[in-house]
Structures are given as C-alpha cells and as structure tokens.
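A.B. asks: Attaching a predicted model along with its sequence, questions to come.
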Amino acid sequence: MRRYKRSVWLPFLLFLYTTGMAIYFLPRNTEIGDLEKYGTIGLSYVIIALLWLLLRKKEKLAEKREEDLKKMEKDPDAR
C-alpha cells in the first residue's frame, strides 16, 4: 500500500474542507459583502498553498539529513 506524504494529504484535506464550507455557507450568508466572502476564501487558499510549500520543504530537508547520516555511517571520515 502506498503511503502518501503529509505535504500531500494534509493540504488536500484542508482544500476540500475549505471548498465544501464555501460551497455550503457562502450562498446562505447575507451578512457580509461579496468582496469579504471571496477575499476570505482566497486568503484560505493562499494559506493552504503556503502550508503545502512549507511541508514540502521540511520533508526535503529531512530526506537530505537522512542521506547525510547514511553517508556518515558508510564513511565516517568523509565530512
């Protein structure tokens, strides 16, 4: 079974949740203006994109750290 990385599934779930809430609640909300509605949704998508980028960067750094540790185990003199 394939294991998905956190940088894939977490932003995807947040994207689905945000989209679902927008589809359900935005047409029913008459308290605020359209600009505020769509601005909030747009900002939510930007935050999800930033989360995706940060998680990818964190995973790549962890992979690089593991590779460096494996190299150190093979050849402790090569620093």
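C.D. replies: Yep, that arrived. It should be emphasised that the depicted structure is a prediction, and the values quoted were computed from it without experimental measurement.
A.B. asks: Spatially central residue for this structure, please.
C.D. replies: The centroid of the chain falls nearest to residue 52 when counting by Cα atoms, centre = their mean (2.5 Å).
A.B. asks: How about the contacts made by the closest residue to that residue other than its chain neighbours?
C.D. replies: With Cβ to Cβ, 6 or more residues apart in numbering as the criterion, residue 52 has its nearest non-adjacent residue at 4.1 Å, and that residue is residue 11. No exception for glycine: its C-beta is placed from N, CA and C like everyone else's. Contact analysis of residue 11 by Cβ atoms under 8 Å, 6 or more residues apart in numbering lists 48-49, 51-52, 55.
A.B. asks: Between those residues, which sits nearest residue 24?
C.D. replies: Among these, residue 48 lies closest to residue 24 (Cβ to Cβ), at 17.7 Å.
A.B. asks: hang on, the earlier thing: ok, the residue nearest to residue 52 to residue 61 distance?
C.D. replies: 18 Å (Cβ to Cβ, to the nearest Å).
A.B. asks: and if you look at residue 17?
C.D. replies: Note on residue 17: its distance to residue 61, by Cβ to Cβ, is 27 Å.
A.B. asks: so what's residue 44 closest to, chain neighbours aside?
C.D. replies: The spatially closest residue to residue 44, leaving aside those adjacent along the chain, is residue 18, at 4.8 Å (Cβ to Cβ, 6+ apart).
A.B. asks: Can you pull the poorly scored residue ranges out of this structure?
C.D. replies: For the chain, the stretches flagged by pLDDT under 70 are 1, 77-79.
A.B. asks: where along it do the helices fall?
C.D. replies: Using DSSP state H, the helices found in the chain span residues 6-25, 34-74.
A.B. asks: ok now the first one, how far from the chain's centre?
C.D. replies: I take that to be helix 6-25. Remark: helix 6-25 is offset 10 Å from the chain centroid, using Cα atoms, centre = their mean, to the nearest Å.
A.B. asks: before we move on, what about stretch 52-70?
C.D. replies: 15 Å.
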